[in-house]
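Student: I'll drop the sequence and a predicted model, then ask my questions.
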Amino acid sequence: MAYSEILENLGGYEKSGVAGDFEGGLGRVKRILTKIGSPQEKYPVIHVVGSKGKGSTVRMIEQGLVAAGHKVGSYYSPHVYRVNERIRLNGEEISDEDLDAIVAEVFEVASDLTYFEFLTVCMFKFFMGQGVDYAVVEAGLGGRLDATNVASEPRCVVLTRVELEHTDILGDSLEEIEREKLAVVRGNAKLFRDGSNEELAQRVLDYLNPGQKVVTADLPGRFERRGDMILDIAHTEKSARFLREKLDKEFSKEKFVFLMSFLKGKNPKGIIDALVRDDDKLLLKPMDDERAMSREELAQYGEIVETLDWPEGFRPVVCGSSRLLQEV
């Protein structure tokens, strides 16, 4: 089977939105990694946890270490357009051929993992085979029970901004959620926290490779420009406010037409209020995803559209869900 067929048949929280046995899943991942030679112990791991800004922080650390001459593996989630975005070597997406090979290898010993667990094992094994100097790893959901939390002693742990998220799983307060995320710190791991994404990345580089400056590079779905259109995976109220600040800074005299959609359990009103001004327009598009809000649920927040016909005089902005970016 091709990797796409194998991955399509794997379930789990990321696909269904239904919380499973995360503790049992972490145990499964550890057993599989032991069976294939404990690849997560073959190189220093920089573990990035938090609610927002993880991907950008991983990217800046990755690019800084690459610029310093290191061979660097990096892991991101979720992907926006294709799964190859998640596993990178020196900043470049894993090729279809390498992904096909590593998925086939792991599937022989790990057919019972969830989608995220499986890709995480693939990542650690691929980096071992490539002989990386560092692995910069973005956690998925939480930290303590996340499939990425398997290195016996990470070299560094980076805590980005913490928000109320997945409260049914991580806890009802910022303190509880932060505690779940910081549970990845153990041994002599160096903890970096409190600061902007760029500040955190710079402090990590100062620790690992003194004198190396932060290098920025774009990621899919992070204020991504496609012609006149802006695509951004902002899907929380705080990330929406941050997106609005960037839009106002980059395009101070312009009006915007926002195309949005949302997964169930999100806060549409808060996100919309943070982004849309009186002179802007709002369009809502139902998504083909079992976790997405229905047409009826979306309709209470604004105009529903099926096909896109951007109005004249407005800069298009697509946000609210990474899945929507795939459909535009």
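Tutor: Looks like it came in fine.

Student: Report the contact partners of the residue nearest the centre of the chain.
Tutor: For the chain, the residue whose C-alpha lies nearest the mean C-alpha position (C-alpha atoms, centre = their mean) is residue 77; its distance is 3.3 Å. Contacts for residue 77 were tallied using C-beta atoms under 8 Å, 6 or more residues apart in numbering; they are 14, 86, 116, 119, 138, 140. In short, each C-beta sits where N, CA and C put it, glycine included.

Student: Also residue 36?
Tutor: Taking C-beta under 8 Å, 6+ apart as the criterion, residue 36 is in contact with 106, 109, 121, 125.

Student: I'd assumed residue 114 was in contact with the third one.
Tutor: No. The criterion here is C-beta atoms under 8 Å, and residue 121 misses it with residue 114 at 10.7 Å.

Student: Now the common contact residues for these two.
Tutor: The overlap between the contact sets of residue 121 and residue 114 (C-beta under 8 Å, 6+ apart) consists of residue 147.

Student: The two: which is more packed in?
Tutor: The residue with more neighbours, out of residue 121 and residue 114, is residue 121; 29 against 22, by other C-beta atoms under 10 Å.

Student: Tell me how many other residues surround the closest residue in space to residue 297 that isn't next to it in sequence.
Tutor: If the residues on either side of it in the chain are set aside, residue 297 comes closest to residue 264, at 7.8 Å by C-beta to C-beta, 6 or more residues apart in numbering. A total of 12 residues lie near residue 264 under the criterion other C-beta under 10 Å.

Student: Quick check: residue 246 touching residue 223?
Tutor: Yes. Taking contact to mean C-beta under 8 Å, the distance of 5.9 Å between residue 246 and residue 223 places them in contact.

Student: Looking at the two, which is more packed in?
Tutor: Relative neighbour count places residue 223 above the other of residue 246 and residue 223, with 19 against 13, counting by other C-beta under 10 Å.

Student: Contacts only, for the closest residue to the more buried one other than its chain neighbours.
Tutor: Nearest non-adjacent residue to residue 223, counting by C-beta to C-beta, 6+ apart: residue 232, 5.4 Å away. For residue 232, the contacting residues are 221-224, 243, 317-319, taking C-beta under 8 Å, 6+ apart as the criterion.

Student: Identify the farthest-apart pair in the contacts of residue 36.
Tutor: Based on C-beta to C-beta, the longest span within the contacts of residue 36 runs between 109 and 125 and measures 9.9 Å.

Student: who's in contact with residue 247?
Tutor: Going by C-beta under 8 Å, 6+ apart, residue 247 touches 230, 256, 317.

Student: That one: helix or strand, and which one exactly?
Tutor: Per DSSP states H and E, residue 247 falls inside helix 237-250.

Student: If you count contacts, what does the helix or strand just after that helix end up packed against?
Tutor: Reading on from helix 237-250 to the C-terminus, the next helix or strand found by DSSP H and E is strand 256-260. With contacts defined as 3 or more C-beta pairs under 8 Å, 6 or more residues apart in numbering; DSSP states H and E, the secondary structure elements packing on strand 256-260 are helix 268-275, strand 281-284, strand 315-319.

Student: Repeat the analysis, applying 6 Å as the threshold.
Tutor: strand 281-284, strand 315-319 (3 or more C-beta pairs under 6 Å, 6 or more residues apart in numbering; DSSP states H and E).

Student: just so I know, which of those lies nearest residue 300?
Tutor: With C-beta to C-beta as the yardstick, what comes closest out of these is strand 281-284 (9.7 Å).

Student: which residues sit against the closest one?
Tutor: Outside of strand 281-284, the residues that reach it under the criterion C-beta atoms under 6 Å, 6 or more residues apart in numbering are 257-260, 276, 298, 302-305, 314.

Student: Buried ones among those?
Tutor: Neighbour-count burial within these applies to 257-260, 276, 298, 302, 314; the criterion is 16 or more other C-beta atoms under 10 Å.

Student: how about the helix holding residue 247: buried residues?
Tutor: Judged by neighbour count using 16+ other C-beta under 10 Å, the buried positions of helix 237-250 are 237-240, 242-244, 247.

Student: One more: stretch 318-328?
Tutor: Along stretch 318-328, the positions that meet the burial threshold by neighbour count (16+ other C-beta under 10 Å) are 318-326.

Student: So what would you say the end-to-end distance of it is?
Tutor: Here the two ends of stretch 318-328 are set 8 Å apart, with distance taken as C-alpha to C-alpha, to the nearest Å.

Student: mean confidence score for it?
Tutor: Along stretch 318-328, the predicted local confidence has a mean pLDDT of 90.

Student: on that earlier part again, output the contacts of residue 36 as a markdown table; include the columns distance to residue 209 and pLDDT.
Tutor: What follows is those, written out as a markdown table (distance: C-beta to C-beta, whole Å; pLDDT from 0 to 100):
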| residue | distance to residue 209 | pLDDT |
| --- | --- | --- |
| 106 | 31 | 95 |
| 109 | 35 | 93 |
| 121 | 28 | 98 |
| 125 | 26 | 98 |
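
Student: Now a ChimeraX select for only the buried ones of these.
Tutor: What follows is the ChimeraX syntax for the buried subset of these, where burial is set by 16+ other C-beta under 10 Å:
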select :106,121,125
